[in-house]
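In: A predicted structure for the sequence below; I have some questions about it.
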Amino acid sequence: MDTEKLHVAIVASPGLGHLTPVLLLGNRLATHHNIHVTVIVVTTQLSPAESKILHPSTAPKLLNIVQVPHVDISGLIDANTKVVTQLSIMMRETRPRIRSAISAMNHRPDALIVDLFGSELFPIAEEFCMPRYIFVTSTAWFVALTTYCQVLDKEIQGEYVDQKEPLKIPGCRPVHPKDVVDPMLDRSDQQYREYIRHGVEYSMFDGILMNTWEDLEPTTIQALRNDEILQTVVKVPVYPIGPLSTPVKPVSQKSELIEWLDTQPSDSVMYVSFGSGGTMAAEQVNELAWGLELSQQRFIWVVRPPMESHADGTFFTAGNGPDGTPAYLPERFLTRTHKLGKVVPLWVPQMEILNHPSVGVFLSHCGWNSALESISNGVPMVAWPLYAEQRLNATLLTEDLGVAWRPTVLPAKKVVEREEIEKMVRNVMQYREEGKGRWERVKEVKCSGDRALSKGGSSYNSLCEVIKDCERRLKKLI
Ligand code: UDP
Ligand code: UDP
């Protein structure tokens, strides 16, 4: 290993939605900026998809990957412990193991980058005198809300969702009460306190990296930098370095799904998926099935068993109807729709699908990785947010960027009924023929993202600034 090179460690907290952008950031630093990168992955039980991207044959070649198994926290949580609390506890408890892994490295990293649950690792950076940065794998708007929540906490009485007025963040688009992130839904829950603490701790780092770019969120990024009031909580430089999104690799053998797509007209298929973990209530799954069928538009639907049943992938064999239709889909759904669409259990190679010319629209839960993947393929979305910060993303994509449509009721709140889904899917797919609005806009946004990442582009330069800042700190010039 070249010990002259700057060595950066990036820590990914558990979950594919965190691991994916961390690997992409690592890969960019290594390939475009000549940095030696170690990615430290805090592992729980790895899903097959996580195991695949970490496998030596598929993991980015230039990265040194170290897996640190998380500490068992089952004694510290119960069935009601929410995900932000769980991840915060897990990262805190696993901190000694991560410290040991870093301390045991022959060439110790010069700097530390942690993802959004990694603020727990601040003491390690302090102990080893490493410049330290937080990498928020979401939007600038999310950073603004998260850092400003400590102020909202003092200003606002009662639950945020019950407020009559939008939540004001200085210099930024206000947040509609219905769009708040999950940890803000219940102020008495521990995950709300953990979330506020994260926002406070961002400003202890030397800078905040964000998976967005200047032209995507110009007003919010300017406010994070220059708004006097917002600066009192943000305090440190922000670096928009995105869109980091998975490249499409050529595949040696086409799957049946891709072969089917090859036979469909261009832009005619709606891809329906809710991320690596999104599940819906049984009633909603049923309505979505009816809505897709009634619309008579082509689709690929990655189906997960509804929340009420077991997410163990056995649904295609257990309790299926005579034609193989799982019990929670309308009877004989697969037979009636077999010419129209493909129902795929649990998982598809998403980038390959979005990159296919036959795919015209993505009905998505608006996880930020999925949103960027859709944009980077020039595919507009139907926003169907479920949890985490997805309602915020959906509003940004729909109202601000104009690259998504959405149903009139908020899917996270109420069941969206089949008639509405039918109408929306038909509207969106048929509107394509007129080639207007959101279809054109998403292509412009794609191009602006490509420009930001190219040499000399705003995100490229922003990452150069991070490296310069880091070098100055190592030379004790700051
Ligand atoms: N993904 C995939 N196939 C699937 C579902 C998800 O490849 O069937 C990938 C997707 O491409 C994205 C990630 O899993 O990179 C999901 O991240 P996102 O932020 O969209 O949502 P999350 O899963 O964290 O809710
Ligand atoms: N639409 C929708 N939800 C939305 C926005 C639009 O269902 O959030 C429908 C709308 O009713 C219309 C079509 O999508 O039939 C196109 O809407 P719009 O004129 O806003 O889209 P653009 O011209 O930007 O493509």
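Out: Received, thanks. Residues are numbered from 1 along each chain as shown. Ligands and ions are numbered 1, 2, ... in the order given.
In: could you pull out the strands for this structure?
Out: Under the criterion DSSP state E, the chain contains strands at 7-12, 36-43, 64-69, 111-115, 132-136, 208-210, 238-240, 269-273, 298-303, 341-345, 359-364, 381-383, 404-405.
In: near ligand 2, which residues of this protein show up?
Out: T398, G402, W405, R406, M424, N427, V428, Y431, K436, G437, R438 (CB under 6 Å from any ligand atom). Where C-beta positions appear, they are placed from N, C-alpha and C, glycine not excepted.
In: Test my guess that the last one contacts A404.
Out: Yes. R438 sits in contact with A404 when judged by CB atoms under 8 Å, with a separation of 6.9 Å.
In: Can you pick out the residue with more neighbours from the two?
Out: For R438 versus A404, the count of surrounding residues by other CB atoms under 10 Å is larger for A404: 29 against 22.
In: circling back: now tabulate the strands of the chain in JSON lines and tack on mean pLDDT.
Out: Output for the strands of the chain, formatted as JSON lines (pLDDT from 0 to 100):
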{"stretch": "strand 7-12", "mean pLDDT": "98"}
{"stretch": "strand 36-43", "mean pLDDT": "95"}
{"stretch": "strand 64-69", "mean pLDDT": "94"}
{"stretch": "strand 111-115", "mean pLDDT": "97"}
{"stretch": "strand 132-136", "mean pLDDT": "98"}
{"stretch": "strand 208-210", "mean pLDDT": "98"}
{"stretch": "strand 238-240", "mean pLDDT": "98"}
{"stretch": "strand 269-273", "mean pLDDT": "97"}
{"stretch": "strand 298-303", "mean pLDDT": "96"}
{"stretch": "strand 341-345", "mean pLDDT": "94"}
{"stretch": "strand 359-364", "mean pLDDT": "97"}
{"stretch": "strand 381-383", "mean pLDDT": "96"}
{"stretch": "strand 404-405", "mean pLDDT": "94"}
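In: For ligand 2, state which of the residues of the chain next to ligand 2 is nearest.
Out: G437 (2.0 Å; CB to the nearest ligand atom).
In: And for this structure, the residue most distant from the center?
Out: P322 (37.7 Å; CA atoms, centre = their mean).
In: Quick check: closest non-adjacent residue to that one.
Out: R332 (8.0 Å; CB to CB, 6 or more residues apart in numbering).
In: Distance check, that neighbour against P305.
Out: Distance of R332 to P305, given as CB to CB, to the nearest Å: 18 Å.
In: before we move on, what about I221?
Out: 40 Å.
In: who's more crowded, the two?
Out: Higher neighbour count among I221 and P305: I221, with 27 against 24, using other CB under 10 Å.
In: Just list the residues touching that one, thanks.
Out: A140, T212, E214, V238, P240 (CB atoms under 8 Å, 6 or more residues apart in numbering).
In: Among these, which pair sits farthest apart?
Out: E214 and V238 (10.7 Å; CB to CB).
In: out of the two, which sits in the busier spot?
Out: V238 (23 against 18).
In: Could you give the bridge partners of the more buried one?
Out: Assessed by DSSP bridges, V238 has beta-bridge partners I208.
In: wait, doesn't it sit right on M210?
Out: Yes. With contact defined as CB under 8 Å, V238 reaches M210; the gap is 6.3 Å.
In: any common contacting residues for the two?
Out: A140, V143.
In: Same list (the strands of the chain) but as TSV, adding distance to E352.
Out: Below are the strands of the chain laid out as TSV (distance: least, CB to CB, whole Å):
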stretch	distance to E352
strand 7-12	23
strand 36-43	23
strand 64-69	23
strand 111-115	25
strand 132-136	26
strand 208-210	27
strand 238-240	27
strand 269-273	11
strand 298-303	11
strand 341-345	12
strand 359-364	10
strand 381-383	17
strand 404-405	21
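In: which residues of the stretch 251-400 of the chain fall in helices?
Out: Per DSSP state H, counting those that start in this stretch, the stretch 251-400 of the chain has helices spanning 256-262, 282-295, 333-337, 350-354, 368-376, 390-395. These are given in chain order.
In: and K476, which of those helices is closest to it?
Out: Using CB to CB, the helices of the stretch 251-400 of the chain put helix 368-376 closest to K476, at 35.7 Å.
In: for the protein, what helix or strand is lowest in average pLDDT?
Out: helix 48-54 (a mean of 83; mean pLDDT, DSSP states H and E).
In: I'd like the distance from that helix to the chain centre, please.
Out: 17 Å (CA atoms, centre = their mean, to the nearest Å).
In: do stretch 365-375 as well
Out: The answer for stretch 365-375 is 7 Å, by CA atoms, centre = their mean.
In: what about the residue in the stretch 251-400 of the chain that ligand 1 sits nearest to, neighbour count?
Out: The minimum distance from the stretch 251-400 of the chain to ligand 1, using CB to the nearest ligand atom, falls at G367 (2.3 Å). For G367, the count of nearby residues is 27 (other CB under 10 Å).
In: Dihedrals phi and psi, it?
Out: phi -60, psi 140 (degrees, to the nearest 10).
In: Quick check: the closest residue to it other than its chain neighbours vs ligand 2, distance?
Out: In space, G367 comes closest to G275 once its chain neighbours are excluded; the distance is 4.3 Å by CB to CB, 6+ apart. Using CB to the nearest ligand atom, to the nearest Å, G275 is found at 20 Å from ligand 2.
In: And for A281?
Out: Applying CB to the nearest ligand atom to A281 and ligand 2 gives a distance of 22 Å.
In: pretty sure that residue contacts L288?
Out: No. Applying CB under 8 Å, one finds A281 not in contact with L288, separated by 10.5 Å.
In: Of these two, which one has the most company?
Out: L288 (25 against 12).
In: residues in contact with the more buried one?
Out: Contacts of L288 (CB under 8 Å, 6+ apart): V272, M280, W301, V416, R418, I421.
In: who touches A30 in this structure?
Out: H36, V37, P60, L62, L63.
In: burial measure for T408, as a count.
Out: 8.
In: Find me the pLDDT at it, would you?
Out: Here the pLDDT value assigned to T408 is 82.
In: Relative to H70, how far out is the nearest residue to V37 once chain neighbours are set aside?
Out: Among residues not flanking V37 along the chain, G26 sits closest, at 4.3 Å (CB to CB, 6+ apart). For G26, the distance to H70 equals 20 Å [CB to CB].
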